[in-house]
Structure formats: C-alpha cells, structure tokens
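1. The following block contains a protein sequence and its predicted model.
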Amino acid sequence: MVASDGRETSYGVMVAARDLALALGSRVVAIHVVRVTVVRGALVPASDEADLQRMVANQVRDLRLHGIDAVLRVRTRVATPLPRLIAESAVLEGADLIITGTDRGGPILWPFRSRLATALRRLSDRPVLTVPSTSPQGLPTGAG
C-alpha cells in the first residue's frame with residue numbers, strides 16, 4: 001500500500017512503489033485520504049481536494065501504464081487519526097508493506113523526520129518503508 005496526497009513531493013513514493021511492484025510482480029493499492037472539516041454539521045473537504053484526487057488518480061494511471069495492477073482507494077478522514085486510518089486500510093487491503101514519504105530534512109535526517117511513518121510503525125503490524133520525497137525531476141524536496 002502506498003500513501004499519497006497527490007502532491008509533487010509524493011513522486012518518490014510512487015517511484016518506489018512502481019519499482020518494487022515491477023521487481024516483485026506485486027499489486028499496488030494507493031490510498032488517498034480526504035481531509036475534511038465539520039462546518040455547521042456538514043463535512044467540507046479542503047479547497048484543493050478535487051485537484052489532489054485528480055493528481056493521485058494520475059499517479060495510479062502511470063503505474064498502470066507500466067503494466068502494474070494498481071488501484072486507488074479514497075478514504076474520508078473525520079475523527080480517525082491519519083496513521084490509524086492508513087494502518088486499518090492496509091489490513092483491509094491485505095497489504096504486505098506500507099510505503100510513505102517525508103518532505104522534511106536532508107538526506108541524513110529524512111528517515112527520522114516523518115511523523116506519519118513513525119506513527120505507522122507503532123500502529124501497524126505491516127513493515128513501513130519511508131522514502132525521501134523527490135520531485136519528478138528526481139531532486140530532493142524540503143531539504144531545508
């Protein structure tokens with residue numbers, strides 16, 4: 001399972017998922033979690049949510065173009081913490097591995113700087129692979 005928010009910084013995560021799936025003949029389940037807030041009793045997604053979902057769908061389409069069996073699962077997060085929602089989704093999908101990224105710190109610090117990955121390691125019985133965030137040009141992002 002690969003967690004992607006669709007942003008450019010998630011490119012490295014999708015490349016890692018692609019490379020592993022091609023090497024192992026694996027299926028990729030991409031999960032995108034919709035961020036919502038409650039306003040006057042209604043669930044309101046973030047203003048850029050439609051764009052983010054389109055970008056994740058494009059990432060999954062790119063995996064399919066490489067011959068990978070890839071699907072997108074969209075979950076809505078209201079009260080459940082993000083790491084718990086991803087960990088539960090990994091169980092529901094029968095995932096063997098959770099791949100997530102980080103956009104914090106440079107190449108030495110990145111494995112230790114992802115709060116999401118740290119929480120997933122505590123919550124999930126699945127291994128978690130943390131990949132440094134890179135742009136489509138292969139350049140590290142958030143290295144400051």
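-> Alright, I've got the coordinates. Numbers count the residues shown, from 1 in each chain.
2. does residue 101 have beta-bridge partners, and which?
-> Using DSSP bridges, the bridge partners assigned to residue 101 are residue 131.
3. Distance of it relative to residue 120?
-> Using CB to CB, to the nearest Å, one gets 12 Å for the distance from residue 101 to residue 120. All C-beta atoms are positioned from the backbone trio N, CA, C, and that covers glycine.
4. got the contact list for the one helix or strand in the chain whose mean pLDDT sits lowest?
-> Of all helical and strand segments in the chain, the minimum by mean pLDDT, DSSP states H and E falls on strand 42-45, at a mean of 78. Here strand 42-45 makes contact (CB atoms under 8 Å, 6 or more residues apart in numbering) with 34-38, 76, 78.
5. do the same with stretch 76-87
-> Outside stretch 76-87, the residues that touch it by CB under 8 Å, 6+ apart are 1, 3, 31, 33-36, 38, 43, 75, 88, 98, 100, 116, 119-120, 122-124, 126.
6. Can you tell me which of these end up in helices?
-> 88, 116, 119-120, 122-123 (DSSP state H).
7. Counting neighbours, which of those comes out on top?
-> Taking other CB atoms under 10 Å as the neighbour criterion, residue 120 ranks highest of the ones in helices among the contacts of stretch 76-87 with 23 neighbours.
8. how near is that residue to residue 48?
-> Applying CB to CB to residue 120 and residue 48 gives a distance of 24 Å.
9. tell me the residue furthest from the middle of the protein?
-> Taking CA atoms, centre = their mean, the residue of the chain most remote from its mean C-alpha position is residue 40, at 29.8 Å.
10. Which secondary structure state does residue 129 sit in?
-> Assigned with DSSP: H, G, I helix; E, B strand; the rest coil, residue 129 falls in the strand class.
11. these two touch, right, it and residue 101?
-> No. The pair residue 129 and residue 101 does not pass the contact test of CB atoms under 8 Å, sitting 9.5 Å apart.
12. Tell me which of these two has more neighbours.
-> Ranked by neighbour count (other CB under 10 Å), residue 129 and residue 101 place residue 101 first, with 29 against 16.
13. Quick one, grab the pLDDT at residue 142.
-> pLDDT, residue 142: 48.
14. same question but for residue 109, I mixed them up
-> 46.
15. Then residue 130?
-> For residue 130, the pLDDT comes out at 89.
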